[in-house]
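> sequence and computational prediction follow.
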2 protein chains.
Amino acid sequence: MPDPTARRGANWEARRQKIIDTSARVFAQGGYHGTGIAELCEANDLGKGALYHYIGSKEELLVAITDLVMNEVLAGVDRVMAAGGSSAQRLRMLGAEYLGILVRYPDHVWVLLHEFPALTGERATDFHKRRHVFESAVEGILRDGMRAKEFRKTDPRIAALAWLGMHNHAYLWLRPGGKWSARDVAASFADIFIEGLTRSA
Amino acid sequence: MPDPTARRGANWEARRQKIIDTSARVFAQGGYHGTGIAELCEANDLGKGALYHYIGSKEELLVAITDLVMNEVLAGVDRVMAAGGSSAQRLRMLGAEYLGILVRYPDHVWVLLHEFPALTGERATDFHKRRHVFESAVEGILRDGMRAKEFRKTDPRIAALAWLGMHNHAYLWLRPGGKWSARDVAASFADIFIEGLTRSA
DNA sequence: GAACCTCTGTACCGATCGGTACAGTAACCC
DNA sequence: GGGTTACTGTACCGATCGGTACAGAGGTTC
């Protein structure tokens, strides 16, 4: 009785990942609800039978896409937390990590930010939990900085939401090979945001 | 040969607007593609015949929703430009105008920001043109401020995108009657952003 | 070469999609 | 009161929706 996932593992997993990536691109263009299974089949050059052999359902595909991004994001959070440094340094680093992901997986991020409300049941609560971890990390850094008098005192939640908005929104215009690199944009954002929090207003 | 639009004008227009508002709420919950005509009929307590008497098509409904928001936004831009003042003052005022709209029309804004890619043909180009006016206004204020040495020198486009992201993103969490008022959040955002641009980095 | 197993295309399912046709009703005009 | 007009519910359209059943293809293992 060999592990079935181990046997199929050879090509199956790679093939599945390719399908997820391609489908992310299609979803990013047409939206999750706006894209039909037939369209996915064509983009992946596969019949329905073959497609459903790799994905369990349309929603499972969406889950796979969002999971990929969230894994990267939370890994980035861990790296930043492990690196230490001042609050400003950690915030700079987190911004660079995040925009880096955004440039590496533009389609996946697009799908995540646009279609996460389509997740249902357990998948939805899971997602919200992981997103909360990320957002709390941002807010925590800000809170630390205020406590250490590194930042001026203001509502850390609003400041965190401002930071998140600034960075999240970049998924609409920041592209690999585009006019700006993720590193440059992250630096510009950090300059504005951190200086804005440093001054005693 | 009386003007037909004038004749129906009495109740028709008000009724239509009510339908647009209700539908915006439904779209905001389920997405444009995710919401069926049947669902809209139920929400509006109307049969298909009645519904289509007021809206021409599903897409026309989407256009009406986005137009409403864009009209408000561009009117806000005009008010700010007419008011004059320093770049910082104008930027503060524009932020307050924008978040005010966001709180007054949370559902409409949600639909606009999420579903504008679903617009097709002439509708799409129209929308992009009007959005460009808004974004250029932001960028123009920043450019003015830099030219007048009011702000430090940086890429005005990136700064504008940072500002837009900060404010746009609020559609996800800023709600009428919620924890924060649009005015307070706009002030917090302006404090961060303007100080961030004022300091020499 | 027989048994097995992963992979894939085709045919098909009931449900729902956005939209139309049309008859009927009610209110207003002269 | 006869005619016109605005409004609305019902029935219906072809197309597409997400998903399943299944037979066969092709390769691997004894």
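Perfect, I can see it now. Worth saying up front: this structure is predicted, and the values here are computed from it rather than measured.

> as a check, name the ranges of all helices in chain A.
A:4-30, A:37-44, A:48-54, A:58-83, A:87-104, A:106-115, A:121-147, A:156-168, A:182-198 (DSSP state H).

> mind checking the ones you listed for the one nearest to B:G56?
If you check each of those against B:G56 by CB to CB, helix A:4-30 wins as the nearest, at 23.0 Å. Quick note: C-beta positions are derived from backbone N, CA and C, even for glycine.

> adding mean pLDDT and distance to chain B, write the helices of chain A out as JSON lines.
Output for the helices of chain A, formatted as JSON lines (pLDDT from 0 to 100; distance: least, CB to the nearest CB, whole Å):
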{"stretch": "helix A:4-30", "mean pLDDT": "84", "distance to chain B": "8"}
{"stretch": "helix A:37-44", "mean pLDDT": "96", "distance to chain B": "13"}
{"stretch": "helix A:48-54", "mean pLDDT": "94", "distance to chain B": "20"}
{"stretch": "helix A:58-83", "mean pLDDT": "97", "distance to chain B": "12"}
{"stretch": "helix A:87-104", "mean pLDDT": "98", "distance to chain B": "11"}
{"stretch": "helix A:106-115", "mean pLDDT": "97", "distance to chain B": "7"}
{"stretch": "helix A:121-147", "mean pLDDT": "96", "distance to chain B": "10"}
{"stretch": "helix A:156-168", "mean pLDDT": "98", "distance to chain B": "3"}
{"stretch": "helix A:182-198", "mean pLDDT": "95", "distance to chain B": "3"}
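
> turn these into a markdown table, columns for mean neighbour count and distance to DNA strand C.
Shown next, in a markdown table, are the helices of chain A (neighbours: other CB atoms under 10 Å in any protein chain shown; distance: least, CB to the nearest atom of the strand, whole Å):
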| stretch | mean neighbour count | distance to DNA strand C |
| --- | --- | --- |
| helix A:4-30 | 15 | 4 |
| helix A:37-44 | 16 | 8 |
| helix A:48-54 | 15 | 2 |
| helix A:58-83 | 18 | 13 |
| helix A:87-104 | 21 | 27 |
| helix A:106-115 | 22 | 17 |
| helix A:121-147 | 16 | 18 |
| helix A:156-168 | 23 | 28 |
| helix A:182-198 | 22 | 35 |
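
> need these in TSV (columns: distance to DNA strand D).
Formatted as TSV, the helices of chain A follow (distance: least, CB to the nearest atom of the strand, whole Å):
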stretch	distance to DNA strand D
helix A:4-30	9
helix A:37-44	4
helix A:48-54	4
helix A:58-83	3
helix A:87-104	26
helix A:106-115	12
helix A:121-147	13
helix A:156-168	26
helix A:182-198	32
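
> what about the closest residue to DNA strand D within chain A, how many neighbours?
In chain A, the residue that lies nearest DNA strand D is A:G36 (2.4 Å; CB to the nearest atom of the strand). The tally of other residues near A:G36 (other CB atoms under 10 Å in any protein chain shown) stands at 12.

> pLDDT at it, what is it?
Among the per-residue scores, A:G36 shows a pLDDT of 96.

> for it, give its distance to chain B.
10 Å (CB to the nearest CB, to the nearest Å).

> which residues touch the most centrally placed residue in chain A?
Averaging the C-alpha coordinates of chain A gives a centre point, and the residue nearest to it by CA atoms, centre = their mean is A:V69 (4.0 Å). Contacts for A:V69 (CB atoms under 8 Å, 6 or more residues apart in numbering or on different chains) come out as A:101, A:105, A:108-109, A:112.

> closest to B:A124 out of the helices of chain A?
Of all the helices of chain A, helix A:4-30 sits nearest to B:A124, with 13.6 Å by CB to CB.

> what is the orientation angle of the closest one with helix A:58-83?
Counting by axes from the mean of the first three to the mean of the last three CA atoms, to 10 degrees, helix A:4-30 lies at 100 degrees to helix A:58-83.

> how far out from the middle of the chain is helix A:4-30?
When distances are taken as CA atoms, centre = their mean, to the nearest Å, helix A:4-30 is centred 18 Å away from the chain's centroid.

> which strands and helices lie in contact with it?
helix A:37-44, helix A:48-54, helix A:58-83, helix A:106-115 (3 or more CB pairs under 8 Å, 6 or more residues apart in numbering or on different chains; DSSP states H and E).

> now the angle between helix A:37-44 and it, please.
Here the directions of helix A:4-30 and helix A:37-44 differ by 100 degrees (the same axes, to 10 degrees).

> before we move on, back to that, phi first, then psi, for the residue of chain A closest to DNA strand D.
phi -90, psi 160 (degrees, to the nearest 10).

> and it, how close does it get to A:T120?
The gap separating A:G36 from A:T120 is 19 Å, by CB to CB, to the nearest Å.
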